[in-house]
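*Asks:* structure of the sequence below:
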Amino acid sequence: MQRPDADAFAGSAEYGTVGDWKPACAAALNAHDFPADAARGFFGQWFTPAAVTNHGDAIGLFTGYYEPELNGSRKKQGRFQTPLLARPADLVMVDLGAFRDTLKGERIAGRVDGGKLVPYAKRGDIVAGALGSRTRPIVYVDDPFDAFFLQVQGSGRVKLSDGATIRIGYDGQNGYPYTAIGRLLVDRGAIAKDQLSMQSIRAWLVAHPADARSLMDENASYVFFKELEIANPNDGAPGSAGVPLTAEASLAVDTRFHGLGAPMWVEAHAPAPDATKPDVDFRRLVVAQDTGGAIRGPVRGDVYWGAGKTAESVAGRMAHKGKLFVFLPKPVAAKLAKP
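*Replies:* Residues are numbered from 1 along each chain as shown. Reported below is the predicted structural model:
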């Protein structure tokens, strides 16, 4: 469905309207594939880069995410004991921006009780089986920590015990804000701040099995999944924009400030694939194609690194400061430049 030209392109007024973007988008659709030098000419013709700031501060945080690979079974058996749950029929997710423009990018979720929307069950209650028959397991995996991190990533691949592989993706969330358990571990002195990574968090969980469940439950957020039908197995997971993500070129952003589909430039560093090597430059053209519960703020991005062990290694260690630029259609940038 085409959006009206007068609609705001994004949550931030600086992006202009849908109509402001249509000429550049039409030109991009007609351009098809072209070499890098022609791409530079295209952006030079249609766009002006604008630095993104947060109350005047141009430095923000860039993290990484990836598509995990888990081991699972259609049946609860043996080591396969942790379910990945389908979205319950009574879960109601509300886009508050549909009711008030000032609430664009804000969402809540719950269930209807007595004609009122009330909070949904928290993670700890859901894991304990509070939903009963209101949901169903899509698959059972062999590691509760893998299941936890899959919820953070939002999508993944599960290799079944019969040798087949399925893809699963985000299909809803229980409405509670995401709480980073890594930050809790740092605050409690369990992990040094400069040693924090997905890998160090996982190592702590494995080393403290008696405390791991209660720590994970301090993040009340819980994600439900659906099985995906992806025609090309080489395609990345679908993002919030509804298109397959591209490794090192798709960025998750906060849609209160940015519009999905906007071209952006990230200027930061990233971990080297070899953890013993120093960080590498990450200066890339990316496209805003996804969102995430932990991605909050205008100068904040989550880089998609693809699937596999290398993607996991890089994404799990990425937490780097950097700058973000958005490519605005020239007429929009010209309006912003006026005093």
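
*Asks:* now do the helices in the stretch 101-250 of the chain.
*Replies:* Per DSSP state H, counting those that start in this stretch, the stretch 101-250 of the chain carries helices over the ranges 123-127, 144-153, 181-187, 198-207, 209-217.

*Asks:* of these, flag the one that's most buried.
*Replies:* helix 144-153 (a mean of 20; mean count of other CB atoms under 10 Å). C-beta: built from backbone N, CA, C; applies to glycine.

*Asks:* and the helices of the stretch 101-250 of the chain: which comes nearest Arg79?
*Replies:* helix 144-153 (11.1 Å; CB to CB).

*Asks:* state the helix or strand in which Gly301 lies.
*Replies:* In this assignment (DSSP states H and E), Gly301 forms part of strand 300-307.

*Asks:* quick one: buried residues of stretch 237-248?
*Replies:* Of all the residues in stretch 237-248, those buried under the rule 16 or more other CB atoms under 10 Å are 237-241, 243-245, 247-248.

*Asks:* what is the nearest of those to Lys116?
*Replies:* Ser240 (28.4 Å).

*Asks:* please tell me how far that closest one sits from Leu260.
*Replies:* Ser240 sits 6 Å away from Leu260, going by CB to CB, to the nearest Å.

*Asks:* equivalent analysis for Gly129, please.
*Replies:* When distances are taken as CB to CB, Gly129 and Leu260 turn out to be 36 Å apart.

*Asks:* higher neighbour count, these two?
*Replies:* The neighbour count for Gly129 versus Leu260, taken as other CB atoms under 10 Å, is higher for Leu260 (19 against 9).

*Asks:* phi, psi of the closest residue to Gly16 other than its chain neighbours?
*Replies:* The shortest distance from Gly16 to any non-neighbouring residue, by CB to CB, 6 or more residues apart in numbering, is to Val332 (3.7 Å). Backbone torsions of Val332, given as degrees, to the nearest 10, read phi -70, psi -50.

*Asks:* then Ser313?
*Replies:* Listed backbone geometry of Ser313 is phi -60, psi -50, with angles given as degrees, to the nearest 10.

*Asks:* contact partners for it?
*Replies:* Contacts for Ser313 (CB atoms under 8 Å, 6 or more residues apart in numbering) come out as 199, 271, 273, 275.
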